[in-house]
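J.: Here you go, sequence then predicted model.
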Amino acid sequence: MIVAVLFWVFSAVAVVTGWLVFRTDSMVRAAYWLMASFVSVGGILILVGSDFLGLILILMMAGEMTIMAIFMVMFMMNPAGLNPMTMVHQHRTAIVSGAGAFLALAAVGLLAEFPDRPVAAGVDATVELGVELLGESMLVFETAGVALLAVMIGSVALVSKNGRYGPADEGSVEPTLEVEES
Amino acid sequence: MTLEALLVVAAALFGIGLYGALSQQSFVMIMMGLELMINGAILAIVAFWWGSTGGNPEGQLLVVVAMAVMAIEAAIGFALVTNVYRVRKADITEKLRKLKG
């Protein structure tokens, strides 16, 4: 009973705050609404028994949305939302696409016949995930780690102001081979 | 709490995210739309893991991969926005009409 109530509360909060992300004037507030949406989904994950993933989602998004809020303040106009503002283009296409995607996916969820095999009672999902990550699927896990390392290097290369041979946005110009006489 | 209800909530999150990613002009708001879509996808994966696969641990593994995708999207997105702003002084999509500025 209490699980059902909590589920509907989390679901409502997730969807409403997700909607508010694109309805608020302040971009900082948008970042925190998105965080609220992620925290609610993390709550649902914990309700269905996937405790580890739910907490990881909350932890990750709390950090990421804080960075995003700082980013907003640094770069974007009107971060505080003092003036009403709408910054949208192709609005009607976007509404039709979003509503269409929702209706199509909800129809699949409601109408398709999925096998009814719920998680067995007493299964510790965290233990199973740990064994899976460091056992059968270790290659997938390691590949994700290497991909994240590549992203770290790539993002530093993208944002660095100076390349190896001068300003990064001028392209790399190799130094001449002549040795300067001193 | 049923599989159908979870899937409908996931579909709603995905639909809102798609609306945001298509309609917003600011780069960072577009990234927020993408993240909301991945949020819906994560919820749907967990719903299937919980209600339809008998708790197969590979379902949870797929969520870990989706989270890695989300982190990669955010990191590369921030780096690209920083670079584009530095080089082109652009913070909305309308300011990027040509590949070469």
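T.: Thanks, I have it.
J.: tell me the contacts of residue 57?
T.: Went with chain A since none was named. With CB atoms under 8 Å, 6 or more residues apart in numbering or on different chains as the criterion, the residues that contact A:L57 are A:38, A:41-42, A:45, B:42, B:67. All C-beta atoms are positioned from the backbone trio N, CA, C, and that covers glycine.
J.: let's do chain B instead
T.: Taking CB under 8 Å, 6+ apart as the contact definition, B:P57 lies against A:125, A:128-129, A:131-132.
J.: Kindly supply the ChimeraX command isolating those of these that are buried.
T.: What follows is the ChimeraX syntax selecting those of these that are buried according to 16 or more other CB atoms under 10 Å in any protein chain shown:
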select /A:125,128,129,132
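J.: Looking at the contacts of B:P57, which are in helices?
T.: Under the assignment DSSP state H, these contribute A:125, A:128-129, A:131-132 to helices.
J.: What about chain B: which of those touch it?
T.: Among the ones in helices among the contacts of B:P57, the ones lying near chain B by CB under 8 Å from any CB of the partner chain are A:125, A:128-129, A:131-132.
J.: mind putting the contacts of B:P57 in CSV, pLDDT included?
T.: CSV is the format used below for the contacts of B:P57 (pLDDT from 0 to 100):
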residue, pLDDT
A:A125, 90
A:E128, 91
A:L129, 92
A:V131, 93
A:E132, 92
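J.: now, among the contacts of B:P57, which is nearest to A:A106?
T.: Of all these, A:A106 sits closest to A:A125, with 26.3 Å by CB to CB.
J.: Helix, strand or coil: sort out A:V179 for me.
T.: Assigned by DSSP: H, G, I helix; E, B strand; the rest coil, the conformation of A:V179 is coil.
J.: Just give me the neighbour total for it.
T.: Applying the criterion other CB atoms under 10 Å in any protein chain shown, we find 6 residues in the vicinity of A:V179.
J.: What does the pLDDT read for it?
T.: For A:V179, the model assigns a pLDDT of 71.
J.: cool, B:E94 as well?
T.: At B:E94 the predicted local confidence, pLDDT, stands at 82.
J.: longest helix in chain A, by residue count?
T.: Ordering each helix of chain A by length in residues (DSSP H) puts helix A:51-75 first.
J.: Tell me the gap between that helix and the middle of its chain.
T.: The gap between the average C-alpha position of helix A:51-75 and the chain average comes to 8 Å, counting by CA atoms, centre = their mean, to the nearest Å.
J.: now do stretch B:89-101
T.: Computed by CA atoms, centre = their mean, the chain-centroid distance of stretch B:89-101 equals 22 Å.
J.: Restrict it to CA atoms and write it as PDB.
T.: What follows is the C-alpha trace of stretch B:89-101 in PDB, where atoms were taken according to Å, rounded to 0.1, in the frame of the first residue of the first chain:
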ATOM      1  CA  LYS B  89      30.400  33.800 -29.000                       C
ATOM      2  CA  ALA B  90      27.400  31.700 -29.600                       C
ATOM      3  CA  ASP B  91      25.100  30.400 -26.900                       C
ATOM      4  CA  ILE B  92      22.000  29.600 -28.900                       C
ATOM      5  CA  THR B  93      21.500  27.400 -31.900                       C
ATOM      6  CA  GLU B  94      20.400  30.300 -34.100                       C
ATOM      7  CA  LYS B  95      23.800  31.900 -33.900                       C
ATOM      8  CA  LEU B  96      25.400  28.900 -35.600                       C
ATOM      9  CA  ARG B  97      24.200  29.100 -39.200                       C
ATOM     10  CA  LYS B  98      27.500  28.300 -40.800                       C
ATOM     11  CA  LEU B  99      30.000  25.600 -40.100                       C
ATOM     12  CA  LYS B 100      32.900  28.000 -40.500                       C
ATOM     13  CA  GLY B 101      32.500  31.300 -38.600                       C
END
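J.: number of nearby residues for A:I153?
T.: Burial of A:I153, expressed as a neighbour count using other CB under 10 Å, amounts to 9.
J.: same question, A:A147
T.: Other residues near A:A147 come to 15 when the count uses other CB under 10 Å.
J.: measure it to B:F78 for me?
T.: A:A147 is 17 Å from B:F78, where distance means CB to CB, to the nearest Å.
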